[in-house]
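Q: Need a 3D model of the following:
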Amino acid sequence: MVASRYLPPLFSVAPMMEWTDNHYRTFARLISKHAWLYTEMLAAETIVYQKGNLDRFLAYSPEQHPIVLQIGGSNLENLAKATELATPYHYDEINFNCGCPSPKVAGHGCFGVRLMLDPKFVGEAMSVIAANTNVPVSVKCRIGVDDHDSYNELCDFIYKVSSLSPTRHFIIHSRKALLNGISPADNRRIPPLKYEYYYALLRDFPDLKFTINGGINSVVEVNAALREGAHGVMVGRAAYQYPWQTLGHVDTAIYGAPSSGLTRREILKRYEEYGDSVLGRNGNNRPNVREVARPLLNLFYSEPGNSLWKRKADYAFQHCTTMKSFFEETLVAIPDSVLDSPIAGVPSGREDLFANVHDLLPSPYHAREEEALYA
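A: Prediction:
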């Protein structure tokens with residue numbers, strides 16, 4: 001499940017399109033040394049067709065370890081080639097996307113969460129991916145799709161994929177997906193969370209590892225899931241929208257490490273060095289200051305000066321050409337007491353988020369082996 005030289009993925013940051021790019025991951029790693037980071041989903045075709053420009057899509061700094069590459073696709077040959085091309089970049093795990101409900105992916109693209117309806121193909125895909133890498137492989141999926149949302153159907157999917165491939169790690173988004181044209185945002189909100197499905201998988205597949213995802217928004221809730229037996233917890237938007245309040249507590253509250261004592265001023269100074277080293281690297285002034293600074297805009301969420309900082313940032317984007325000048329112009333909005341204070345306290349969260357979840361578990365799954373594998 002994990003690269004042995006790193007602590008286990010008790011906490012990981014979800015792959016999020018247009019959010020968990022190189023800039024965000026660099027910033028996140030400055031705050032947390034132990035959180036597992038995921039790339040944005042990369043289509044296998046993108047990797048294959050851009051093989052002369054792979055650094056733009058696959059390169060990252062060594063400090064980002066432990067890091068997982070998430071790929072998507074529905075063509076076995078391209079999945080094999082993409083994995084082979086990614087191998088020299090030394091990701092710590094390769095994850096296959098079977099959970100994205102976006103119409104561009106699950107609809108026109110015919111991959112993402114739609115692949116949950118074809119577990120035999122997913123098993124073949126995972127075998128192909130595993131054959132072309134020397135690191136562990138995993139699947140990220142939902143608990144169901146449309147009317148295919150029973151616990152037994154989820155178990156059939158897990159059973160088939162794990163029986164037909166070396167996959168031993170599944171990240172379970174504890175909502176089903178609706179492919180009736182609703183937006184990805186609504187697919188994160190409308191289908192109800194069924195954490196009991198996740199915990200039942202721990203019972204019914206004791207030889208596999210499962211990470212829980214969906215509706216978990218603070219380290220308090222992460223620890224609540226872990227106390228109930230979760231192998232690992234994946235957090236999405238909270239890690240992006242509230243990075244200091246979320247990532248700032250991961251190493252101490254989840255991994256038990258001593259506090260680094262780092263302040264936001266020190267983190268931004270280190271990020272300034274990174275940012276100025278990558279500005280314009282891709283040509284045509286890309287990335288620019290706006291793109292490099294974007295992951296930082298929630299660093300002062302709920303703090304004095306936050307609104308003024310964002311207004312100053314918006315103005316600075318129009319003319320600043322270095323991260324140094326951007327910070328000089330904008331950080332005057334933030335009080336020194338905020339900039340120079342290390343993370344403190346523990347943010348609020350629902351201690352009882354998983355209360356009584358074990359009382360809600362569905363009946364145990366019994367695989368009908370031949371039918372389950374070849375249906």
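Q: The helix or strand that contains Ser138: partners in the sheet, and parallel or antiparallel?
A: Counting by DSSP states H and E, the element that carries Ser138 is strand 137-142. Strand 137-142 has its sheet partners listed here by DSSP bridges as strand 93-98 (parallel), strand 169-173 (parallel).
Q: which other residues reach the next helix or strand along the chain from the shortest one?
A: Sequence-wise, the next helix or strand downstream of strand 169-173 (DSSP H and E) is helix 184-187. Counting by CB atoms under 8 Å, 6 or more residues apart in numbering, the neighbours of helix 184-187 from elsewhere in the structure are Cys100, Pro101, Ser102, Arg175, Ala177, Leu178. Every C-beta, even on glycine, is put in place using the N, C-alpha and C of the backbone.
Q: Could I get the contacting residues of Leu164?
A: Contacts of Leu164 by CB under 8 Å, 6+ apart are Lys120, Gly123, Glu124, Met126, Ser127, Leu373.
Q: Which one of the residues you listed sits in the busiest neighbourhood?
A: Using other CB atoms under 10 Å as the neighbour test, the contacts of Leu164 are led by Met126, with 23 neighbours.
Q: Verify the contact between that one and Val139 for me.
A: Yes. Shown here, Met126 and Val139 form a contact pair, counting by CB atoms under 8 Å, at 6.6 Å.
Q: what's the helix or strand for Phe327?
A: helix 323-330.
Q: That helix - contacts with which helices or strands?
A: helix 264-278, helix 289-293, helix 306-316 (3 or more CB pairs under 8 Å, 6 or more residues apart in numbering; DSSP states H and E).
Q: Packing partners of the last one?
A: Contact here means 3+ CB pairs under 8 Å, 6+ apart; on that basis helix 306-316 packs against helix 323-330.
Q: Identify all contacting residues around the helix it packs on.
A: Contacts of helix 323-330 (CB under 8 Å, 6+ apart): 268, 271-272, 275-276, 279, 289, 292-293, 309, 312-313, 316-317, 320.
Q: among these, which two are most distant?
A: Greatest spatial distance among the contacts of helix 323-330 (CB to CB): Leu279 and Trp309, at 20.5 Å.
Q: buried set for stretch 191-208?
A: 191, 193-202, 204-205, 208 (16 or more other CB atoms under 10 Å).
Q: on that earlier part again, ok, so of the contacts of helix 323-330, who is nearest Glu40?
A: Val292 (15.9 Å).
Q: quick one: least confident of the contacts of Leu164?
A: Within the contacts of Leu164, pLDDT reaches its minimum at Leu373, with 55.
Q: Give me the pLDDT for Ala185.
A: The model's pLDDT for Ala185 equals 77.
Q: now swap in Leu154 and tell me
A: Note on Leu154: pLDDT of 98.
Q: Give me the neighbour count for it.
A: 28.
Q: For the stretch 101-250 of the chain, which residues score under the pLDDT cut-off?
A: 103-110 (pLDDT under 70).
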